[in-house]
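*Asks:* Need a 3D model of the following:
(chains A and B)
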Amino acid sequence: MVLVPVITMVVIALFKEPKKVRIIAAVGMAVQLIQILFLLVAFFAERGAGNTSEMLFVTDVVWYKSLNIHYAVGIDGVSLSLILLTGVVIFTGVFASWEIEDRTQEFFITLILLATGVFGFFISLDLFTMFMFYELAVIPMYLLIGIWGSGPKEYSAMKLTLMLMGASALLLVGILGIYFNSAPGGGPLTFNFIEISKITIPAAAQYFFFPLTFVGFGVLAALYPFHTWSPDGHASAPTAVSMLHAGVLMKLGGYGALRIAVMLMPEAAQGMAWFFIILATIGSLYGALGAIAQKDLKYINAYSSVSHLGFILFASLMFNQVAYEGAVLQMISHGLITALFFALIGMIYARTHTRNINEMGGIMKVMPVLGVAYMIAGFASLGLPGFSAFVAEMTIFVGAFQNNDMFVRVATILVVSSIVVTAVYILRAAGIMLYGQIKNKEFELLPDARWYDKVAVFILVGVITGMGMFPGWLAEMIFAGLTPMFERMAN
Amino acid sequence: MELAKFLIMRSELSLLAVVLILLVVEIFSAKSKQGAVVNLATGLFLLHTILGFVPVATGQLFGGMYQHTLLTGLMKSVLNIGVLILIMQSSGWLKQPANKGRVSEFFLLILSTLMGMYFMLSAGDFLMLYLGLELATIPLAALVAYNLKEMKSMEAGAKFILLAALSSGIMLFGISLIYGSSGSVYYAEVVGTMEMNPMQIMAMVFFLSGLGFKISLVPFHFWTADVYEGAPTNVAAYLSVISKGASTFVLLTLLFTVFKTMFDAWEVLLYAMAVLTITLGNLFALRQQNMQRFLAFSSIAQAGFLLLGIISGTHYGMTTVIYFVLVYVFSNLGAFGVAAIVYNASGKINIEDYRGFYQTNPRLSLVMLLSLFSLAGIPPVAGFFGKFFLFAAAAEQGYYWLVIIALLNTIISLYYYLRVVKAMFLDRSEEPIGLIKSDVLTRVAIAVSVAGIVAAGVFSQVFDWIHLYGWGM
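*Replies:* Modelled structure (predicted):
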């Protein structure tokens, strides 16, 4: 799984011409996507054959003996669904960055390095390798934004890197704390989170390390008030990086917060949930309101991401399997929709050279394909039935509302209300930008989507609608994947 | 005493042989044959390094003044690897016309200091330790002042020798207090008598201050930046890597053996010094423009991280310290190596001069990138593993707050390491440093550093091997 991107990077390193590099990157990521689809088929075949072990296709090699660090990888329904998301986004991301001319070779190597980190993160069963892949995914961002970005790129890149690395510092303490408390009854310590979920970490340790771990992952998932890196970072990043970052990288935070922080330390999570629920609620409302005030398309979507990631963090604190299922669904759905958004924004920007919605107008007349795709993304994002977000958000709120607690219910209602705000900013942006008069005469000559743009856009639209129409298998897979750890956590 | 028993000191003997051969060559060779001397010295030292890995009987000599254990053998090998890389890196610089006739001098001095460090590591009593320390220090002052025609270099040399003498004096005072209170200078005899009484605590504090100077721990760090800046780049690299590494090993050994009973006292000291060293080192590094000063402060901060492993007081902590020093040898020599190549080729030393470096020298800037990432502790390079293990060692003993402080500092350090990365990769310059061609040996040295940076992390065998050998205590 990690191998294919690494081979692709090596092959890219051998070629200099942009044309060849692009094709190799596309082929490599296509191979990766096909491999993931095969994995999906194999996964269902195994499950169908009655294999009920928690993780499938496990490889476990001892790496550092004295610390009991393993290179342990394996997948279950949850990680597989996120790997699938990553595969789709990186594949389309390559096509969305077809027009990069400056240092093409380096760009694709760094981009695929980022993807390698993400793949590695999702398949890791060992906290150490997980953390390693996490950092591996974060650091290429600095170069990607700093070199190929736009606007105040150096500032954004530095801010993003330092904030995320700061988060990883907290996370590291959390992981060490989990590790050294992983055998309260004596015996060998372990980094394997499946093993750790079978024991109970002492309550005092939980209360010290849960906030560190949760915030550590939460920063990456734009937890309010640590979200400030996200709008700047997304706005300055080149298209494919925004796609990968908002689409996938932020999900690392959600996945980690749910799977590591909450599920390994449920006691402290429950005790401190009220605080983080408040933050997540503020985040989702603040993000939505912030998006209304923006004029720059990328900023609108970055704030919208803050808002939608707030749903995920909110759901991960609900202690309810349905809400958790919704959280994972939302990660996938939001990942796809944001990727589509950023891809479209990148394409529109490449033609109009502006991202300010007030300077645009009548885009629909000039670029019907991109315009329609933008509308689809918009409708999907505001949760129209038939698209993926509807399924995900519905599941979250159904799950969350099952809580009898008054406080949680009020919070749920507040979070739900942010969807209304979402409709406002999406429709406002789309209305101004796509319809109406063509404000700039030069825009009339602009071409519509080229073939590589279409590849990226059609795949993403297809997957989003596919997930909206047939969510059953995915939801079931995720739900089944959550069951073993959830049951252990509930006990 | 049998002659065969002397073979216990094999590493010292073979190093002595190298030094003597070079001395003879110095007498008989023509002054113009700089390249030949460099190649010969490198070849001889390579042999010596390989020989160091061949297992040898452990034991002691001279009634316990000299002891050889698996652990000291391991530490010496780590230093050997560093010195080997370093002298290969220096080859380009030494072959310059300005250094005509002074090449073997460089090797004689540098290998003598290495000899001193060997004796520091293998010492079985405080006197031997002190002799080794002096032998390791005085030739260094000459090396710092190697660029005779440069005022800065001379000034740095003078500064170094004065402060070194001061710290030696303080250390000697500590030793005399130890002797006065315990009646012996032998480690084995002193151990039993060390207690938590004021006099012996004072002795330990004085002693540690002396070592703190060598490792440049805050508050004994004032000489570092000035000396590093004035010294030739390769010598600065030697100071920051080998000299520091050797002293750290000595600190480690002594705290774990002789002063083990006084854990409560040095725990507090080390805690405070670790926090101060990391924080101040980082804060000063933030504003540096000169690459050598920048690396000086970064190396102060790195020394602070080492204390995290020592303070744990465990076998595992010791392993991590040795491992981290090994990793640090590769990473810092990588960074210094590139800085030296650039300085020797173009005379440019400021971070701003590195703007657009990637346009003209993609390979060198990638080496710099990897080295800096390793220093900052970013995967997949070895520095990440080194830092992680150090933090784990401290966390194991419950020093979570110390770990948090150290980790916050890694963020600061990331900022200034990224400044250099930014200059190299992000910025474009009208007049970047031209394409630099370096000679074969230097390239090999850089390649070895890079290989070390990458391999030491991925291959866990390195760590396990150190762990195994660490049982010497």
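
*Asks:* Check which helix or strand the residue nearest to A:R103 when sequence neighbours are not counted maps to.
*Replies:* Among residues not flanking A:R103 along the chain, A:I147 sits closest, at 6.9 Å (Cβ to Cβ, 6 or more residues apart in numbering or on different chains). For the C-beta atoms, the positions are set from N, CA and C on the backbone; glycine is no exception. Take DSSP states H and E as the rule and A:I147 turns out to sit in helix A:127-148.

*Asks:* per-residue confidence averaged over that helix?
*Replies:* Helix A:127-148 shows a mean pLDDT of 86.

*Asks:* Can you give the distance from it to the centre of its chain?
*Replies:* 14 Å (Cα atoms, centre = their mean, to the nearest Å).

*Asks:* where does residue 72 land on pLDDT?
*Replies:* Using chain A. At A:A72, the model reports a pLDDT of 81.

*Asks:* You answered for a different chain; I wanted chain B.
*Replies:* On pLDDT, B:T72 comes in at 85.

*Asks:* near chain A, which residues of chain B show up?
*Replies:* Within chain B, the positions lying close to chain A (Cβ under 8 Å from any Cβ of the partner chain) are B:316, B:319, B:373, B:378-380, B:384, B:388-389, B:391-392, B:395-396, B:400, B:403-404, B:407-408, B:410-411, B:414-415, B:418, B:421-422, B:425-426, B:460, B:463-464, B:467.

*Asks:* can you list the weak-confidence ranges in the stretch 1-150 of chain B?
*Replies:* Low-confidence regions of the stretch 1-150 of chain B, defined by pLDDT under 70, span residues B:1, B:31-32.

*Asks:* could you list every residue that touches the spatially closest residue to A:M467 that is not a sequence neighbour?
*Replies:* Ranked by Cβ to Cβ, 6+ apart and with sequence neighbours excluded, the top spatial neighbour of A:M467 is A:S388, at 3.9 Å. By Cβ atoms under 8 Å, 6 or more residues apart in numbering or on different chains, the residues touching A:S388 are A:L329, A:I332, A:S333, A:L336, A:I337, A:A380, A:V463, A:I464, A:T465, A:M467, A:G468, A:P471.

*Asks:* So which elements touch the one helix or strand the first one maps to?
*Replies:* Which is A:L329. Per DSSP H and E: A:L329 is located in helix A:321-352. Judged by 3 or more Cβ pairs under 8 Å, 6 or more residues apart in numbering or on different chains; DSSP states H and E, helix A:321-352 is in contact with helix A:77-96, helix A:239-244, helix A:250-256, helix A:297-316, helix A:368-381, helix A:388-401, helix A:451-469, helix A:472-490.

*Asks:* Please name every helix or strand in contact with the third one.
*Replies:* The helices and strands touching helix A:250-256, judged by 3+ Cβ pairs under 8 Å, 6+ apart, are helix A:77-96, helix A:104-123, helix A:127-148, helix A:203-220, helix A:297-316, helix A:321-352.

*Asks:* from what I can see the residue nearest to A:R103 touches B:L426, true?
*Replies:* Yes: with contact defined as Cβ atoms under 8 Å, A:I147 and B:L426 form a contacting pair (5.7 Å).

*Asks:* how many neighbours does the residue in chain B that chain A sits nearest to have?
*Replies:* Using Cβ to the nearest Cβ, the single residue of chain B nearest to chain A is B:L407, 3.7 Å away. For B:L407, the neighbour count with other Cβ atoms under 10 Å in any protein chain shown is 22.

*Asks:* Distance-wise, check the residue lying closest to B:S240 once chain neighbours are set aside relative to B:A285.
*Replies:* Spatial nearest neighbour of B:S240, chain neighbours left out: B:S299 (4.2 Å); criterion: Cβ to Cβ, 6+ apart. To B:A285, B:S299 is 9 Å away according to Cβ to Cβ, to the nearest Å.

*Asks:* Show me what from chain A comes close to chain B.
*Replies:* Chain A comes close to chain B at residues A:63-67, A:69, A:128, A:132-133, A:135-136, A:139, A:142-143, A:146-147, A:153-154, A:157-158, A:161-162, A:165-166, A:169-170, A:172-173, A:176-177, A:179-180, A:208, as judged by Cβ under 8 Å from any Cβ.

*Asks:* any weak-confidence spans in the stretch 1-150 of chain A?
*Replies:* A:1-2, A:9, A:12-14.

*Asks:* got it, and the stretch 351-491 of chain A?
*Replies:* For the stretch 351-491 of chain A, the ranges with pLDDT under 70 are A:439-445, A:491.

*Asks:* show me what contacts B:L121?
*Replies:* B:T72, B:M75, B:K76, B:G132, B:A246, B:F249, B:V250, B:T253.

*Asks:* Wait, a helix at it?
*Replies:* Yes: under DSSP: H, G, I helix; E, B strand; the rest coil, B:L121 sits within a helix.

*Asks:* Next one: the residue of chain A found nearest chain B from A:H70, what distance?
*Replies:* Per Cβ to the nearest Cβ, A:A169 is where chain A lies closest to chain B, at 3.7 Å. Here the distance between A:A169 and A:H70 works out to 23 Å (Cβ to Cβ).

*Asks:* now the helices for the stretch 301-450 of chain B?
*Replies:* B:315-346, B:357-360, B:362-376, B:382-396, B:400-421, B:440-458 (DSSP state H, counting those that start in this stretch).

*Asks:* Please work out which residues outside stretch B:451-461 touch it.
*Replies:* By Cβ under 8 Å, 6+ apart, stretch B:451-461 touches A:63-65, A:69, B:81, B:323, B:326-327, B:329-331, B:334, B:370-371, B:374, B:379-386, B:462.
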